[in-house]
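>>> Need coordinates for the below:
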Amino acid sequence: MAGEARKGLSPLLAIIIGLIVTIVAGILLAQLYFSYAATISARPAANIEYIDLVVDSGGNGHLVINIKNTGNVPIDNTTITSDLCSLTVNGPGTPGSTLSATCTISGVSTGDVLSGTITVGFTDGSVQSYAISVRARSA
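Got it, this is the predicted structure:
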């Protein structure tokens, strides 16, 4: 047995195969990380900056709402729903911008309270809902 040659991989070939496996694993982990990081960094957020219900001399109420996109995902649409007013405002609500909506309601008196919801839909498919309640005031 003293004269037999060793069978198997040479040390150089084993190192090359090990390097290739390590590089491929690193590339796969980097793709997984960047995909995960992009998902985490998407932050849909909106604030109701202003809401007012003003009654004119004819008894019509004018509901005015401003919604600011405070996140980094564009707003796709905003839906205002109450017992007296239903309105949908389509985007584009780019990050940092403000969307405005106005709804005219007949038969409103000073002091009346309007309650409802505002639903904000974002381009990534997420949705946020806000409960609103506003008391009518005279112009």
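>>> buried ones in the lowest-mean-pLDDT helix or strand in the chain?
When each helix and strand of the chain is scored by mean pLDDT, DSSP states H and E, strand 86-93 comes last, with a mean of 82. If you call a residue buried by 16 or more other Cβ atoms under 10 Å, then strand 86-93 has these buried ones: Leu87, Val89, Gly91, Gly93. (Glycine included, C-beta is placed from N, CA and C.)
>>> ranges for the helices of this protein?
11-41 (DSSP state H).
>>> Show me the shaky parts of it.
1-6, 38-39 (pLDDT under 70).
>>> tell me the phi and psi of the residue nearest the centre of it?
Most central in the chain under Cα atoms, centre = their mean is Pro44, positioned 2.6 Å from the mean C-alpha point. Per-residue torsions, Pro44: phi -80, psi 130 (degrees, to the nearest 10).
>>> That one and Ile51: what is the separation?
20 Å (Cβ to Cβ, to the nearest Å).
>>> now do Leu29
From Leu29 over to Ile51 (counting by Cβ to Cβ), the distance is 48 Å.
>>> How about Thr94?
Separation of Thr94 from Ile51 (Cβ to Cβ): 21 Å.
>>> These two: which has the busier surroundings?
Between Thr94 and Ile51, Ile51 has the larger neighbour count (other Cβ atoms under 10 Å), namely 18 against 13.
>>> for the more buried one, what are its contacts?
By Cβ atoms under 8 Å, 6 or more residues apart in numbering, Ile51 lies in contact with Leu63, Val64, Ile65, Asn66, Ile132, Val134.
>>> Just give me the closest of those to Val113.
Val134 (7.1 Å; Cβ to Cβ).
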